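S.K.: this is the structure alone, sequence omitted:
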Ligand SMILES: NC(=O)C1=CN([C@@H]2O[C@H](COP(=O)(O)OP(=O)(O)OC[C@H]3O[C@@H](n4cnc5c(N)ncnc54)[C@H](O)[C@@H]3O)[C@@H](O)[C@H]2O)C=CC1
Ligand SMILES: CC(=O)C(=O)O
Ligand SMILES: [Mg+2]
């Protein structure tokens, strides 16, 4: 495999030197020869004949760390203890913490926040359970629940490996919308087990954000929880993605002077995200949608054991196009990828209609990288944070839950999702709209404000708000 340039990536090498056998200069030369530049040195421990140092090293190529490790193996007196990079260092010990809102400074504080005084608060909630919203963290707290079965596009990597993503989502909730979110990764992938567990933990939360639960189980899990709980349950990969996709598509169509009714749209990856995006497109007026999954185009001439695919086939591809991705994309205006990295080729795009719109949204690796396709497309977007036009549900879930919590909505309904999509699209004015700017940045503070405002309005108008927030 060709080495990928690492674009200034730094790593930290912890090394131990036996100073009777070698000098630091030997290690430094080995690092230099392997393609690394030492930019900082920290001495961690030292004794008469042993020293442990952390070396911050800028690496020139992807295999530089491996080459350094190999070089060290051949050098007596040098031991490589650990290699980490800034991403791993950021994850040390996890990315979030819980902090009390007030310090407990004396016995009086102690008896108020805890026993005996806390008992009066417990009794008040016992008499009127709705007071849990005013007297506990419930009103501002969301559970980010995953079973680790469809983590980004990494697949079924399980609950432990899902934690960094769920912690990341919790950080985003807090930073962008001041929602206290907690990552909960379940050691079960059984539909009934997940439903029972989420119901059992629900009293402490004002909302449930389901994340990275694979299809088709995610549909039943969400549906049942929506029916059985009185707080909003929102499968982010379905609805968060659909909301942002719809906002981005409205702007991309505007930019290329097309109407959604006329656009020929191909959705690749008919899982949680692909299905929900299609439903939103159809609700928004799209009439020419074709779905493609691993086995090809979904058609109404076939019977699918997956009930959602059956529904999909019956509501899309009215022209009965057959084949795979290549056939689906002939003359298509829009490609929406929610499938797997690298599956879209330049040859596919060159058969699309003029001014194609390509949304390659698989994470972490998009269906095609922007640099491979930018000369062929009118607009290209990915789900990643390191390219322009990031179509990612992070633009939606902080604001939508902020609004739902503030008005104590019982559900997040279609009206609220549509309002959120329109809010996101509206943050970019017609003057600002351009091929590299069809969706606002997540750092644009107007996104959460606007989404929240319109979500509260929509919840109120549709009768699911249980209070009116103070502005
Ligand atoms: N940018 C964003 O905001 C979001 C991106 N995603 C990404 O979308 C992808 C799918 O996520 P989910 O829908 O949650 O997963 P999922 O597991 O529910 O669905 C994935 C679907 O893609 C299909 N697929 C896989 N490889 C394919 C291929 N080569 N050709 C056609 N279809 C293929 C699978 O059969 C499955 O139906 C992931 O990469 C995920 O990271 C998901 C949610 C949000
Ligand atoms: C962004 C996201 O939720 C995903 O890729 O699964
Ligand atoms: Mg996800």
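M.R.: Nice, thanks for sending it over. Source: prediction; values computed, not measured. Ligands and ions are numbered 1, 2, ... in the order given.
S.K.: and whichever residue of the stretch 1-150 of the chain sits closest to ligand 1, how many residues sit next to it?
M.R.: Closest residue of the stretch 1-150 of the chain to ligand 1, C-beta to the nearest ligand atom: residue 150 (3.8 Å). For every residue, glycine as well, the C-beta is placed using N, CA and C. For residue 150, the neighbour count with other C-beta atoms under 10 Å is 23.
S.K.: in contact with it, which residues?
M.R.: 156, 212-215, 218, 237, 271-272 (C-beta atoms under 8 Å, 6 or more residues apart in numbering).
S.K.: and it, how far is that from residue 31?
M.R.: 40 Å (C-beta to C-beta, to the nearest Å).
S.K.: in whichever strand or helix holds residue 45, what counts as buried?
M.R.: Counting by DSSP states H and E, the element that carries residue 45 is strand 36-46. Neighbour-count burial for strand 36-46, counted by 16 or more other C-beta atoms under 10 Å, picks out residue 36.
S.K.: out of the contacts of residue 150, which touch ligand 2?
M.R.: 212, 237 (C-beta under 6 Å from any ligand atom).
S.K.: spatially nearest residue to residue 363 (excluding sequence neighbours)?
M.R.: residue 152 (4.2 Å; C-beta to C-beta, 6 or more residues apart in numbering).
S.K.: kindly report the same for residue 221.
M.R.: Nearest one to residue 221, counting by C-beta to C-beta, 6+ apart, is residue 194 at 5.4 Å.
S.K.: other SSEs contacting the host helix or strand of residue 454?
M.R.: For residue 454, the host element (DSSP H and E) is helix 445-461. With contacts taken as 3 or more C-beta pairs under 8 Å, 6 or more residues apart in numbering; DSSP states H and E, helix 445-461 sits against helix 158-177, helix 397-406, helix 414-426.
S.K.: show the subsequent helix or strand relative to the longest one.
M.R.: Next helix or strand after helix 158-177 toward the C-terminus (DSSP H and E): strand 180-185.
S.K.: neighbouring strands of that following strand in the sheet, and parallel or not?
M.R.: Strand pairing for strand 180-185, using DSSP bridges, gives strand 141-146 (parallel).
S.K.: residues in contact with residue 139?
M.R.: Residue 139 touches 133, 206, 405, 408, counting by C-beta under 8 Å, 6+ apart.
S.K.: what sits up against the helix holding residue 454?
M.R.: 176-177, 395-396, 398-400, 402-404, 406-407, 409, 412-413, 415-416, 418-420, 422-424, 426-427, 440-441, 465, 468-469.
S.K.: that helix vs helix 158-177, what angle?
M.R.: Between the axes of helix 445-461 and helix 158-177, defined by axes from the mean of the first three to the mean of the last three C-alpha atoms, to 10 degrees, the angle is 100 degrees.
S.K.: which of the residues in helix 445-461 are buried?
M.R.: For helix 445-461, by 16+ other C-beta under 10 Å, it's 447-448, 450-460.
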